[in-house]
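*Asks:* below: sequence and its predicted model.
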Amino acid sequence: MILVSESAVAAVKDAMEKAGQLEGGLRILVKQGGCAGYQYVVDLDREQRTDDIIVEAGGVRILIDPASSPWLQGMTLGYKRGLEGEGFTFENPNASSTCGCQKSFN
């Protein structure tokens, strides 16, 4: 389904710890919008839904709804810290183009 880098695993663990969240995981959605046509929406979610696709990596769960799944096949979720800030990165082989912020794609 998707690969999750060590840096992304560490970022999810850190975010869950800071939020006091012991259950659930990181939810990734794809929705229409953004500057390139589709955008990634990433947020902590305390509850796993019955139809979620679950990716477990390094002790964390990535929660993906079935509608977003085709857009995320083969993607690598990363996490980057730099001068411009920090955040999740998406290396997605299904994206024909991305915008400068790397949060939306087509």
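*Replies:* Yep, it's here. Keep in mind that this is a model prediction, so the values were computed, not measured.

*Asks:* is the residue nearest to the spatial centre of the chain bridged to anything, and to what?
*Replies:* The residue lying closest to the centre of the chain (CA atoms, centre = their mean) is residue 28, at 4.3 Å. Counting by DSSP bridges, residue 28 forms beta bridges with residue 42, residue 64.

*Asks:* just checking, it touches residue 41?
*Replies:* Yes. Between residue 28 and residue 41 there is a contact at 7.3 Å, judged by CB atoms under 8 Å. C-beta coordinates here come from the backbone N, C-alpha and C atoms, glycine included.

*Asks:* checking residue 48 next. Helix, strand or coil?
*Replies:* coil (DSSP: H, G, I helix; E, B strand; the rest coil).

*Asks:* equivalent analysis for residue 90, please.
*Replies:* strand.

*Asks:* hang on, the earlier thing: which residues touch the residue nearest to the centre of the chain?
*Replies:* Shown in contact with residue 28 (CB atoms under 8 Å, 6 or more residues apart in numbering): 2, 40, 41, 42, 62, 63, 64, 68, 72, 77.

*Asks:* how near is the fourth one to residue 82?
*Replies:* If I follow you right, that is residue 42. Using CB to CB, to the nearest Å, residue 42 is found at 18 Å from residue 82.

*Asks:* the more surrounded of the two?
*Replies:* Higher neighbour count among residue 42 and residue 82: residue 42, with 16 against 7, using other CB atoms under 10 Å.

*Asks:* surely the more buried one and residue 26 touch.
*Replies:* Yes. If you go by CB under 8 Å, residue 42 and residue 26 touch, sitting 6.5 Å apart.
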